[in-house]
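>>> What shape does this take:
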Amino acid sequence: MQYVKQRNSIIAILFLALMLHACKNENRMPDRVTFTEHIAPILYNNCTSCHRPGGTAHFDLVTYQQAKNSGSALAYVCRQGIMPPWPADPHYTEFVGQRTISEHEIRLLEKWVLDGMAEGPADKMPKLPEFPTGSLIGKPDMRIPVQPYTLPANSLDKFLIIKVPFELPRDTYASVVEFMPGSNNIVHHVNGDMVEYDFDKKKNVFEGDRIVDMVNDSTIKQAFEKLGLPNDDGTYPKLKKSVVNYLPGVYGQRYPEGIGGFKLPRKGAFLLNDLHYGFTKDKAITDSSYINIFFAKTPPNRPVEEFQLGTIGISPVLPDLVIQPNTVKSVYSKFTVPQDISVLTVNPHMHLLGKSFKAYALQPNGDTIRLISIPRWDFNWQYFYTFKHMVKIPKGSTIVAEGVYDNTKQNLNNPFTPPRLIRDNNGSMKATDEMFQFIITYLPYQAGDENISLDPTAK
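Okay, the predicted model is just below:
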């Protein structure tokens, strides 16, 4: 018996040594780093989905020359954690499609730059991945252009309400509605609902204006009348909330068949009731955004639901979101769930003074469920983070969101010099005001939800 135990211990030690040796060889730095052998695979896996013709980035990273032109900058932004853009801490919680780059890959980039950025053998060049055209998630079944809008040179924040009408041959179902901003990247965010007309109550869904200014139109009612939203008899159709949204870096959320999605009426309109354009500088810019619709194969039997903590949400920001100049302030918001829920996606939201964000759930038994941690807030990348599997939060658990704001001159994103008093201004969405929100997309819990994969790439 003693012999068997010794033999098993020796085998275990040898196995561990072999594994360590294999890992060491896998991460061993090559004598000569080249683009085709080492750098192109890194770029194609982490960067080229945005940095390509038709992508959302300002320059391409497809060819050797393009990478060489930006070589030093690539090594720097990857070392600093600026790129690939993924603000969430992957060690706190893992999400679908997270963009992270390993230490070994960063060292390869750095060594490539130091070695002179060699191109390498042509036969080692990997094949460029296939990316969808005009979408971040696939080939849409239908595309509807948004009315183009021109912003003058040196304009400030612009908030618009835009109607995007449609008429279909029959009622159908959508799994995802994706907003795609124009190539100039001046759209900051979109909150969009859907107008559902009864077929016989609205003869022409295309009548009325397409765009109204949220500042210059004195009331929402007047704006809706200009857009031609009422039925022909003056009554108002049904409004389905939050069907198409956008923030910088956001992908359309595609859940397993039957989860999420909604019915598309024969006559309807997407109501972009809050489309926010950012600043322009020394020239006028025309935005030509559009909406992609992905049809569902079967009617959804588990429509998702949503609530939000914080600003204009179901729980207050504590203490109040009033940030004095030259101060760093911490706030929180919390909510106790009245039923078991299955969380699919979370979306933290702050503006330019944001410094960090963290959210978790405290269960009745005292255990903590990690939701998300963003140690270094980045206003330019605000994802909807989807968990790899649904996360069950039991009834009676308290969801807590914590945020830190930096209203000092050390915050390079501070919009004012010298710093001024900043507050939420009753839910104002101007970038120069502040918000603190934690948006949760969920389903009422069903047994086995924890085992349902939300990763479309998982096998």
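>>> Which residues are in contact with the residue sitting nearest the centre point of the chain?
Of all residues in the chain, the one closest to the mean position by C-alpha atoms, centre = their mean is residue 383, 2.2 Å from it. Neighbouring residues of residue 383 by C-beta atoms under 8 Å, 6 or more residues apart in numbering: 87, 88, 247, 249, 250, 251, 347. Just so you know, the C-beta spots here come from the backbone N, C-alpha and C atoms, and that holds for glycine as well.
>>> try it again with 10 Å
85-88, 95, 97-99, 247-251, 345-348, 372, 374 (C-beta atoms under 10 Å, 6 or more residues apart in numbering).
>>> For residue 453, see how far away it is.
According to C-beta to C-beta, to the nearest Å, residue 383 stands 19 Å off from residue 453.
>>> same check, this time on residue 51
For residue 51 relative to residue 453 (C-beta to C-beta), the value is 29 Å.
>>> more neighbours, these two?
residue 51 (21 against 14; other C-beta atoms under 10 Å).
>>> The more buried one is in contact with residue 83, isn't it?
Yes - between residue 51 and residue 83 there is a contact under C-beta atoms under 10 Å: 9.5 Å.
>>> Moving along the chain from the one helix or strand residue 402 maps to, name the first helix or strand you hit.
Counting by DSSP states H and E, the element that carries residue 402 is strand 398-407. Proceeding N to C from strand 398-407, the next assigned helix or strand is strand 422-423, under DSSP H and E.
>>> Show me what that next one is packed against.
Packing contacts for strand 422-423, counted by 3 or more C-beta pairs under 10 Å, 6 or more residues apart in numbering; DSSP states H and E, involve strand 322-323.
>>> Quick check: mean pLDDT of the very next helix or strand once past the strand it packs on?
Moving toward the C-terminus from strand 322-323, the next helix or strand (DSSP H and E) is strand 327-336. Averaged over strand 327-336, pLDDT sits at 98.
>>> Then stretch 450-459?
If you average the pLDDT values across stretch 450-459, you get 85.
>>> how far is it from where the chain is centred?
19 Å (C-alpha atoms, centre = their mean, to the nearest Å).
>>> Go through it and flag the buried ones.
residue 454 (16 or more other C-beta atoms under 10 Å).
>>> Show me the shaky parts of the stretch 101-250 of the chain.
Within the stretch 101-250 of the chain, the segments meeting pLDDT under 70 span 215-218.
>>> and stretch 384-404, which residues are buried?
Along stretch 384-404, these residues count as buried under the neighbour rule (16+ other C-beta under 10 Å): 384-387, 389-394, 397, 399-404.
>>> If you go by neighbour count, which of the contacts of residue 383 are buried?
The buried subset of these (16+ other C-beta under 10 Å) comprises 85-88, 95, 99, 247-251, 345-348, 372, 374.
>>> can you tell me which residues contact residue 430?
Residue 430 touches 156, 157, 159, 188, 276, 351, 415, counting by C-beta under 10 Å, 6+ apart.
>>> Can you tell me the element it falls in?
Using DSSP H and E, residue 430 sits in no helix or strand.
>>> I'd like the numbering to begin with 276 instead of 1 from here.
Got it, first residue is 276 now, which makes that one residue 705.
>>> how far away is it from residue 431?
Per C-beta to C-beta, residue 705 is found 9 Å from residue 431.
>>> returning to that earlier point: who does the strand holding residue 677 pair up with?
Applying DSSP bridges to the sheet, strand 673-682 is found paired with strand 602-611 (antiparallel), strand 629-637 (antiparallel).
>>> tell me the mean pLDDT over it?
98.
>>> any idea how far stretch 529-536 is from the chain center?
The answer for stretch 529-536 is 18 Å, by C-alpha atoms, centre = their mean.
>>> tell me which residues of that stretch are tucked away?
Across stretch 529-536, burial judged by 16+ other C-beta under 10 Å covers 529, 530, 534, 535, 536.
>>> what's the span of that stretch, first residue to last?
9 Å (C-alpha to C-alpha, to the nearest Å).
>>> got it, and stretch 695-703?
Taking C-alpha to C-alpha as the criterion, the two ends of stretch 695-703 lie 17 Å apart.
>>> Mean confidence (pLDDT) on it, please.
88.
>>> Now do the buried residues in that stretch.
Buried residues in stretch 695-703 (16+ other C-beta under 10 Å): 697, 699, 703.
>>> show me what contacts the last one?
Under the criterion of C-beta under 10 Å, 6+ apart, the neighbours of residue 703 are 432, 434, 586, 626, 709, 710.
>>> again with the first one
For residue 697, the contacting residues are 596-600, 604, 626-628, 680, 682, 689-691, 707-709, taking C-beta under 10 Å, 6+ apart as the criterion.
>>> Report the separation between it and residue 686.
Relative to residue 686, and taking C-beta to C-beta, residue 697 is found at 11 Å.
>>> Quick check: neighbours shared by those two?
By C-beta under 10 Å, 6+ apart, the residues touching both residue 697 and residue 686 are 627, 628, 680.
>>> List the beta-bridge partners for the last one.
Using DSSP bridges, the beta-bridge partners of residue 680 come out as residue 604, residue 629.
>>> can you count the residues close to residue 509?
7.
>>> Tell me the secondary structure at it.
coil (DSSP: H, G, I helix; E, B strand; the rest coil).
>>> Residue 543 too?
strand.
>>> Residue 379 now?
helix.
>>> Measure how buried the closest residue to it other than its chain neighbours is and give me the count.
Among residues not flanking residue 379 along the chain, residue 302 sits closest, at 4.7 Å (C-beta to C-beta, 6 or more residues apart in numbering). Applying other C-beta under 10 Å, we find 13 residues neighbouring residue 302.
>>> Then residue 327?
Neighbour number of residue 327 under other C-beta under 10 Å is 20.
>>> and it, what does it touch?
318, 319, 334, 335, 336, 337, 341, 403, 404, 406.
>>> Got a ChimeraX select line for the buried ones in these?
In ChimeraX syntax, the buried subset of the contacts of residue 327 is picked out as below (16+ other C-beta under 10 Å):
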select :318,319,335,336,337,341
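>>> now the contacts of residue 327 in JSON lines, with distance to residue 353?
Shown next, in JSON lines, are the contacts of residue 327 (distance: C-beta to C-beta, whole Å):
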{"residue": "318", "distance to residue 353": "10"}
{"residue": "319", "distance to residue 353": "15"}
{"residue": "334", "distance to residue 353": "16"}
{"residue": "335", "distance to residue 353": "17"}
{"residue": "336", "distance to residue 353": "12"}
{"residue": "337", "distance to residue 353": "17"}
{"residue": "341", "distance to residue 353": "16"}
{"residue": "403", "distance to residue 353": "20"}
{"residue": "404", "distance to residue 353": "19"}
{"residue": "406", "distance to residue 353": "21"}
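>>> Out of the contacts of residue 327, which is nearest to residue 733?
Of all the contacts of residue 327, residue 733 sits closest to residue 404, with 18.1 Å by C-beta to C-beta.
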